[in-house]
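[1] no sequence on this one, just coordinates:
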């Protein structure tokens with residue numbers, strides 16, 4: 001009986017989590033909702049590291065054509081405690097993509113993951129963020145010299 005009451009109480013508490021998320025609040029003036037995708041690249045199959053030139057070629061050939069408005073590529077790293085309690089470290093590239101506003105870009109992100117998997121025999125980690133407010137600091141297209 002106590003178990004059934006506890007289960008009923010738990011179900012009642014979690015029932016508020018089951019509904020759809022509330023709509024995003026309106027953006028302040030001069031801002032817009034944007035989402036980002038972060039790709040963490042660096043490993044190939046069997047734990048081998050991918051060479052920096054191969055990563056750059058992959059970004060040039062697979063990522064940039066799918067997101068022509070631009071991407072930001074950062075040097076990054078990862079570390080964890082591996083077997084025998086030894087610290088393992090790995091160099092990586094972090095690719096930050098500000099996703100275009102309307103439309104579903106999950107297919108393009110999935111295509112980048114599939115291309116990485118095919119080329120390097122490993123899955124890249126991908127993080128898609130929920131919408132957030134951001135100011136558009138630049139516009140697509142040519143920039144004046146010196147900027």
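    Received it, and whenever you're ready, just let me know what you need. Not measured: the values here are computed from a predicted model.
[2] and the lengthiest helix in the chain, what does it pack against?
    Determined from DSSP state H, the single longest helix within the chain is helix 106-120. When contacts are defined as 3 or more Cβ pairs under 8 Å, 6 or more residues apart in numbering; DSSP states H and E, helix 106-120 packs onto strand 31-41, helix 52-58, strand 125-128. Glycine gets a C-beta too; all of them are placed from N, C-alpha and C.
[3] the inter-axis angle of the longest one versus helix 106-120?
    Spelled out, that is strand 31-41. 20 degrees (axes from the mean of the first three to the mean of the last three Cα atoms, to 10 degrees).
[4] partner strands of strand 31-41 and their direction?
    strand 87-99 (antiparallel), strand 125-128 (antiparallel), strand 132-135 (antiparallel) (DSSP bridges).
[5] need those in JSON lines (columns: mean neighbour count).
    Listed next are the strands paired with strand 31-41 as JSON lines, based on neighbours: other Cβ atoms under 10 Å:
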{"stretch": "strand 87-99", "mean neighbour count": "16"}
{"stretch": "strand 125-128", "mean neighbour count": "14"}
{"stretch": "strand 132-135", "mean neighbour count": "13"}
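[6] can I get the ones you listed in a markdown table including mean pLDDT and distance to residue 73?
    Listed next are the strands paired with strand 31-41 as a markdown table, based on pLDDT from 0 to 100; distance: least, Cβ to Cβ, whole Å:
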| stretch | mean pLDDT | distance to residue 73 |
| --- | --- | --- |
| strand 87-99 | 80 | 5 |
| strand 125-128 | 79 | 15 |
| strand 132-135 | 66 | 19 |
